[in-house]
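S.K.: coordinates for the following, if possible.
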Amino acid sequence: MRRILFALLCFSPALSYAQATTSQSLGLLPQPEHVELREGRFQPAAEASVSVSGVQGAEARDLGELATSILHEAWDVPVKAQRGDKPATLSLQLRPDAQANSEGYSLEVDAQGLRLSARTAAGLFYGLQTLRQLAKPGSREAGIPALRIDDAPRFGYRGLMLDSARHMQPLDYIKRHLDLMARYKFNTLHWHLTDDQGWRLEIKRFPKLAKISAYRKETIVGRNFDPYVGDGKPYGGYYTQAQAREIVEYAKQRHITVIPEIDMPGHMVAALAAYPELGCTPGPFETLTIWGVSDDVLCPSEQTFAFVTGVLAEVMQVFPSKYVHVGGDEAPVVRWQQSALAQEIIRREKLKDEHALQGWFLRRVEKFVNANGRKIIGWDEILDGTPSRTATVMSWRGMAGGIKAAQLGHDVVMSPTDYAYLDYCEGKPPREPDCMVGYLPLKQVYAFEPVPASLTPEQARHILGGQANLWTEYVTSTEQTEAKYWPRALAVADVTWAPSAARDWNGFQQRMGAQLATLDRLKVHYRIPEVRGLEADVLSLQPKTTLALSTPIPGATIRYTTDGSEPTAQSPQYTGPIELALVPTGTQVNARAFLADGRSSVVSSANFRQATLRPAAKVDARKLQAGLNRRYYEGSVLKVAGLETLPVVRADVAPAIAIPEQARPEAFGLRFDGYLRVSADAIYRFVLDSDDGSVLRIDGETVIDRDGGRSPGESYGSAALSAGLHRIDLDYFQGGGGRSLGLKIGREGEAPQAVAADALLHARN
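M.R.: Below is the predicted model:
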């Protein structure tokens, strides 16, 4: 019954059965807009040829070379160039009447050959990436099934962000990263180049940025903030303008735009270390060795604007992108509150407060950027300062900032912590390697929907697309960097390219499995997905249950233990469903996927236990009233236990487990208590959905623990309950960014539903 529940929880609308089956069997990722399988197949000959027509110059050369390399790698045969008016194994044709989308393409395969057409060179490039997945290395004997693919991206902005300010990456790695992005049809690299902990781009008119700001004396060890512990090792470096241009050109050849980020007015301590006169206090400053947010920001002086415009002038010479990212996030106003200069500007410009002063600051910067034919993009805090309509907003603190921006008429890139912060842990602590606080598993990334349902069609047109971010405070090596991106970046690729109707978690996992083999061949250090089937503990009133495990990795071996020990390469191998005897004390099942090269996934665990029905509470239901007692708190905590340290702002009765409308946007908590009425003796499955932390207790026993900083998502738990009333307690806190809270319940074998209002009761206080 548990497997049925899991399938119901994972189900989502998808393409027609025929289309879905076709896409899954081909293993294409991202999923194309339309695939039609036909009779027959193309069988490669002893040699192949490539023709390119309608494309000129370097673009024709690059496309021809890419097509040649794909065929040669796939079939290990000689590949020659052919004139565009002659028959060829693979013909690429630029057609003005082709797919209207500038990045769309059509690919036809039959016994005579392969024909790829598009309206632009970008479309031909993306069509070749699809062909690359169809014509895998060693596929000469198998050939390619006859088909037609008509494809175009859902969004015009499909991005990944790389933070090189906290920890740098060598040029070779960044090029490798761009190669992988191109394979999966990303078209934007957002490059975070400056922050409090390091300035990473050469600016010739301000040479001390490279000499001083690019270096810090040491780096904090782990999370040793208090007391502080540093590693004693100087760290630093920067990219020359020539190196940055090299990356820009390399990306351009792969139809990827590089957007540079120069964060301002906050996250500028490294720059202040070199040029302290730009601060509101005399300093001295030094490049930070710890992570976090500093009160020291740029002071809005004329000297500062000369610095900013001078920096951006050189940045725009190096990066030809339409956008320049100016950050605008996490800029405390305390220094401006204390600054006579800042206060004089507020009075002179008749500004409301220091947040409005930041808006004034960025509008002045934007005017300079616009005068140079570019546009600014900034994090959603820029909305606090009423930016001009031409500013594009990147929403990171959940979706709310993006919704507000779209409603105001701004273009938006959705990049919420809830779904798109890849520095968050993919697995559950403590098994997960060092990562930023937060839990963001692959399934949650795949649930990312850039267009909120609350937007009108006109407002939704302002959503340019989506982006996933990788901040590198705790990511110190390129191996770690790759493992944070992949395979979660595959989910982002599918979400931002494929039609929304094609969203199908189970189908994605199947297609992802085919791509993991490619990542293996390319020696990508991806994070190996956990074994599936142990997502939640299992209770049963029966003496036995069936244990069913699986892995999305082709050729991987699952090994498991039932004694609580860590699975090793010598542990029993899982070969099919196992009948597991249940005992009241429980059986801990651990499982791990092993690859042929010795690598393995982190351990998945679940406890399987024969349950005894908990007796109903001895309470007179006639003395109870509808709803649950609810207490509302305001303040920042890291665990639900921290709510005890906060004063109760409001106490009332809640008809349902949900966030009240009057709750403030961030940093608050809720505590619910009362009784839950169940109608029959049974195992009840609970589904707790929250962002951030929450804990559910039934009859005083923890059933679901989602405590700590969390991205939105569901956690599961079970309880064996006798018919009647049972004590229920639910604690929740919202720490920042998005927020959500909901509880579902269902008997074993039933799909869980929201807890009915008449099932919640409380005693008068």
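S.K.: ok, Val602 to Glu644 distance?
M.R.: Separation of Val602 from Glu644 (CB to CB, to the nearest Å) stands at 33 Å. No exception for glycine: its C-beta is placed from N, CA and C like everyone else's.
S.K.: and those two? which has more neighbours close in?
M.R.: The neighbour comparison of Val602 against Glu644 (other CB atoms under 10 Å) goes to Val602, with 18 against 11.
S.K.: surely the more buried one is within a helix?
M.R.: No - using DSSP: H, G, I helix; E, B strand; the rest coil, the assignment for Val602 is coil, not a helix.
S.K.: check contacts around Gly327.
M.R.: By CB atoms under 8 Å, 6 or more residues apart in numbering, the contact list for Gly327 reads 261-264, 266-267, 378-379.
S.K.: name the helices or strands packed onto the helix or strand containing Leu162?
M.R.: Under the criterion of DSSP states H and E, Leu162 resides in strand 157-163. Here strand 157-163 touches helix 171-183, strand 188-192, strand 463-470, helix 488-497, going by 3 or more CB pairs under 8 Å, 6 or more residues apart in numbering; DSSP states H and E.
S.K.: buried set for the first one?
M.R.: Read that as helix 171-183. 173-174, 176-178, 180-183 (16 or more other CB atoms under 10 Å).
S.K.: redo those as CSV? Include distance to Asp85.
M.R.: Below are the buried residues of helix 171-183 laid out as CSV (distance: CB to CB, whole Å):
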residue, distance to Asp85
Tyr173, 42
Ile174, 40
Arg176, 37
His177, 39
Leu178, 34
Leu180, 36
Met181, 34
Ala182, 29
Arg183, 31
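S.K.: closest one of the residues you listed to Gly402?
M.R.: Distance to Gly402 across the buried residues of helix 171-183 (CB to CB) is lowest for Met181, with 22.5 Å.
S.K.: and the closest one, how close does it get to Pro416?
M.R.: 20 Å.
S.K.: try Val369
M.R.: Counting by CB to CB - Val369 and Pro416 are separated by 25 Å.
S.K.: quick revisit: send me the strand holding Leu162 as CSV with only the CA atoms.
M.R.: Taking Å, rounded to 0.1, in the frame of the first residue of the first chain, the C-alpha atoms of strand 157-163 are listed here in CSV:
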residue,chain,number,x,y,z
TYR,A,157,15.9,33.0,-20.0
ARG,A,158,17.3,29.7,-18.8
GLY,A,159,20.1,30.3,-16.4
LEU,A,160,22.6,29.1,-13.9
MET,A,161,24.5,31.4,-11.5
LEU,A,162,28.1,30.8,-10.4
ASP,A,163,29.6,32.5,-7.4
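S.K.: as TSV, the buried residues of helix 171-183 with pLDDT would be great.
M.R.: TSV is the format used below for the buried residues of helix 171-183 (pLDDT from 0 to 100):
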residue	pLDDT
Tyr173	98
Ile174	98
Arg176	98
His177	98
Leu178	98
Leu180	98
Met181	98
Ala182	98
Arg183	98
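S.K.: so which of those comes closest to Arg614?
M.R.: Proximity of the buried residues of helix 171-183 to Arg614 (CB to CB) peaks at Leu180, which lies at 50.9 Å.
S.K.: list the contacts for that closest one?
M.R.: By CB under 8 Å, 6+ apart, the residues touching Leu180 are 485-486, 489, 522, 524.
S.K.: now the helices and strands packed on strand 157-163 in a markdown table, with distance to Gly156?
M.R.: Formatted as a markdown table, these follow (distance: least, CB to CB, whole Å):
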| stretch | distance to Gly156 |
| --- | --- |
| helix 171-183 | 15 |
| strand 188-192 | 9 |
| strand 463-470 | 6 |
| helix 488-497 | 10 |
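S.K.: and of the ones you listed, who's closest to Ser454?
M.R.: Checking the helices and strands packed on strand 157-163 against Ser454 by CB to CB gives strand 463-470 as the closest, at 11.8 Å.
S.K.: measure how that closest one sits relative to helix 488-497, angle-wise.
M.R.: Here strand 463-470 runs at an angle of 180 degrees relative to helix 488-497 (axes from the mean of the first three to the mean of the last three CA atoms, to 10 degrees).
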